[in-house]
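1. Below is the sequence, then the predicted model.
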4 protein chains.
Amino acid sequence: MTSSATHTHQAPGAPGYTDRRADHLRRLHKIEGQVRGIARMVDEDRYCIDVLTQVSAVNRALHEVALGLLDDHLRHCVVDAARSDPADAQTKLDELTTTLRRALRL
Amino acid sequence: MTSSATHTHQAPGAPGYTDRRADHLRRLHKIEGQVRGIARMVDEDRYCIDVLTQVSAVNRALHEVALGLLDDHLRHCVVDAARSDPADAQTKLDELTTTLRRALRL
Amino acid sequence: MTSSATHTHQAPGAPGYTDRRADHLRRLHKIEGQVRGIARMVDEDRYCIDVLTQVSAVNRALHEVALGLLDDHLRHCVVDAARSDPADAQTKLDELTTTLRRALRL
Amino acid sequence: MTSSATHTHQAPGAPGYTDRRADHLRRLHKIEGQVRGIARMVDEDRYCIDVLTQVSAVNRALHEVALGLLDDHLRHCVVDAARSDPADAQTKLDELTTTLRRALRL
């Protein structure tokens, strides 16, 4: 299954992020490289503050991925459920709130 | 009292995390694998919420690394500067506050 | 307009949190008192760490209020728009993503 | 008043934020008013997203207060302990790490 320009090509049952999958994968591969770069900095005894600055950059990049996934999930899974299956929409909103609560570490 | 038996062997100029470098590297390698696992989940069309749960876990693991590096930096670089060079301590506290401000995204 | 036990009594156009308004107000009044308590601690020269602990508690309480408002907004405003007005649903999801981005300080 | 010029006039045992106490109190009183304003918005049925925007603003203001208190604590309590009492410095860094861990909700 490939990422496609429009939502209409999305297979039934595909997760909400299918259209932007290539974008998420590109970001995640970049983040993987950034984490490897941080390990290399630690291995090379680089200054603590410079290492911390890179850790903040990775955290920010991960938050961007999370926000993108969440946005996709709302636009597809939640909106589709709201239109076709109120009980499923209720379930999806319950799990979404649980996920946000965990993301906010409450 | 130092945080570990080998602190006294730390080379002059080594960063504050030298004693716990192996610990930080182990955590970072694990995080790198977790990020790769998230990319695999996206590639396999796994459910958005399950992907988001893993992103939260990586964020938490990165915060643990940041906290460990910060703790090392305070215990070694900042405390050493406070004892031997007040002007350097001042500089180090300025850059620490800048770093925390960025970590908190203020 | 008063807070009511069930969603069906909610007036058209009321914000999503109407059903739980009393709950949100109770939490906000408690938070207001906590902030006043922190000012009193600072005024009384209480130990920095104890003040910081109270600041963390208030931040957590505010996150709970935000999560509750967000959950109400999704369950009512967003779900209602998804069912009756796709263009409005699109607008509501755009503003929601902007709000989450700001909340995460990206 | 700056944190350095008047530090020598600080009473023994005073918390680290004494020099900037007026600044912290001013910020906290403003935050108290902002929280009261959010309660008023909820009471007046204002739109969820507008309420959430104000909650984010208060969270940010609280983080600024926390960062200021932390900076004061490091510059005075921790640096003083590092210079005069290594065991006390150790204790202060332990409690600081605990506080940051709680602030980051790890």
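-> Everything's here; your move.

2. how about the helices of chain A, start to end?
-> Secondary structure of chain A (DSSP state H): helices located at A:21-43, A:48-73, A:79-84, A:86-103.

3. So, low pLDDT: which residues of chain A?
-> A:1-13, A:106 (pLDDT under 70).

4. Name the residues of it found near chain C, please.
-> Selection of chain A residues close to chain C by Cβ under 8 Å from any Cβ of the partner chain yields A:60, A:63-64, A:67, A:70-71, A:74-75, A:78-79, A:82-83, A:89, A:93, A:96-97, A:100-101, A:104, A:106. Yep, even glycine has a C-beta here, placed from its N, CA and C like the rest.

5. Separate out the buried members of those residues.
-> Taking 16 or more other Cβ atoms under 10 Å in any protein chain shown as the criterion, what is buried in the residues of chain A next to chain C is A:63-64, A:67, A:70-71, A:74-75, A:78-79, A:82, A:89, A:93, A:96-97, A:100, A:104.

6. Can you narrow these down to the ones near chain D?
-> A:L104.

7. so which of the buried ones among the residues of chain A next to chain C would you say is closest to C:R36?
-> A:L104 (24.6 Å; Cβ to Cβ).

8. Now the closest one: closest residue in space that isn't a chain neighbour?
-> Closest residue in space to A:L104, ignoring its immediate chain neighbours: C:H63 at 5.1 Å, by Cβ to Cβ, 6 or more residues apart in numbering or on different chains.

9. Go ahead and confirm that neighbour touches D:N59.
-> Yes. Using Cβ atoms under 8 Å, C:H63 makes contact with D:N59 at a distance of 7.4 Å.

10. give me the residue from chain A nearest chain D.
-> Nearest to chain D, among the residues of chain A, is A:R105, at 3.6 Å (Cβ to the nearest Cβ).

11. didn't that residue look like it was pressed against C:S56?
-> No. With contact defined as Cβ under 8 Å, A:R105 does not reach C:S56; the gap is 11.3 Å.

12. With neighbour numbers in mind, choose between the two.
-> The residue with more neighbours, out of A:R105 and C:S56, is C:S56; 17 against 14, by other Cβ atoms under 10 Å in any protein chain shown.

13. gap between the more buried one and D:L28?
-> 15 Å (Cβ to Cβ, to the nearest Å).

14. ok, how many other residues are close to A:D85?
-> 12.

15. ok, stretch A:69-76 near chain B or not?
-> Yes. Stretch A:69-76 is in contact with chain B by Cβ under 8 Å from any Cβ, via A:69-70, A:72-73.

16. which residues sit against that stretch?
-> A:7, A:10, A:15-20, A:24, A:96, A:99, B:48-49, B:51-52, B:55, C:74, C:78, C:93, C:96-97, C:100 (Cβ atoms under 8 Å, 6 or more residues apart in numbering or on different chains).

17. Now for A:L93: which residues touch it?
-> So A:L93 contacts A:78, C:71, C:74-75, C:79 (Cβ under 8 Å, 6+ apart).

18. Of all pairs in these, which one is the farthest apart?
-> Farthest pair in the contacts of A:L93 (Cβ to Cβ) is A:V78 and C:D71. Separation: 12.3 Å.

19. Tell me the spacing between the residue of chain A found nearest chain C and C:A87.
-> Closest residue of chain A to chain C, Cβ to the nearest Cβ: A:A82 (3.7 Å). Counting by Cβ to Cβ, the gap from A:A82 to C:A87 is 15 Å.

20. With A:V51 instead?
-> Taking Cβ to Cβ, one finds A:V51 at 47 Å from C:A87.

21. out of these two, which sits in the busier spot?
-> A:V51 (26 against 8).

22. Please name the spatially closest residue to the more buried one (chain neighbours excluded).
-> A:V51 sits nearest to A:M41 (Cβ to Cβ, 6+ apart), 5.1 Å away.

23. ok, now A:R36?
-> In space, A:R36 is closest to B:E32, 5.6 Å off (Cβ to Cβ, 6+ apart).

24. That neighbour against A:I31, yeah?
-> No. B:E32 is not in contact with A:I31 according to Cβ under 8 Å; the separation is 9.2 Å.

25. Could you check which of those two is surrounded by more residues?
-> Taking neighbours as other Cβ under 10 Å, B:E32 and A:I31 compare with A:I31 leading, 25 against 20.

26. My guess is the more buried one contacts A:L62. True?
-> Yes. With contact defined as Cβ under 8 Å, A:I31 counts as touching A:L62 (6.2 Å).

27. Contact partners for the residue nearest to A:R102 when sequence neighbours are not counted?
-> Closest residue to A:R102 apart from its sequence neighbours, by Cβ to Cβ, 6+ apart: B:S56 at 5.2 Å. Residues counted as contacts of B:S56 (Cβ under 8 Å, 6+ apart) are A:66, A:99, A:102-103.

28. Mind doing that once more with 10 Å?
-> Taking Cβ atoms under 10 Å, 6 or more residues apart in numbering or on different chains as the criterion, B:S56 is in contact with A:62, A:66, A:99-105.

29. And for A:L104?
-> So A:L104 contacts B:56, C:60, C:63-64, C:66-67, C:70, C:103-104, D:105 (Cβ under 10 Å, 6+ apart).

30. returning to what we had before: could you single out the most deeply buried of the helices of chain A?
-> helix A:48-73 (a mean of 20; mean count of other Cβ atoms under 10 Å in any protein chain shown).

31. quick one, that one and helix C:86-103 angle?
-> 170 degrees (axes from the mean of the first three to the mean of the last three Cα atoms, to 10 degrees).

32. Would you list the phi and psi of A:L104?
-> Dihedral pair for A:L104: phi -90, psi 0, per degrees, to the nearest 10.

33. Spatially central residue for chain A, please.
-> Closest to where the C-alpha atoms of chain A average out (Cα atoms, centre = their mean) is A:A66, at 3.0 Å.

34. Could you check how far that one is from B:E44?
-> Counting by Cβ to Cβ, the gap from A:A66 to B:E44 is 18 Å.

35. same question, A:I38
-> Counting by Cβ to Cβ - A:I38 and B:E44 are separated by 27 Å.

36. cool, and A:D88?
-> Counting by Cβ to Cβ, the gap from A:D88 to B:E44 is 22 Å.

37. most distant residue from the middle of chain A?
-> A:D45 (31.4 Å).

38. Excluding chain neighbours, what is closest to it?
-> B:P15 (5.4 Å).

39. Next, the contact list for the one you found, please.
-> So B:P15 contacts A:41-42, A:44-51, B:21, B:69, B:72-73, B:76-77 (Cβ under 10 Å, 6+ apart).

40. And A:C48, by the same measure?
-> Counted by Cβ under 10 Å, 6+ apart, A:C48 has contacts A:41-42, B:15-18, B:69-74, B:76-78, B:92, B:95-96, B:99.
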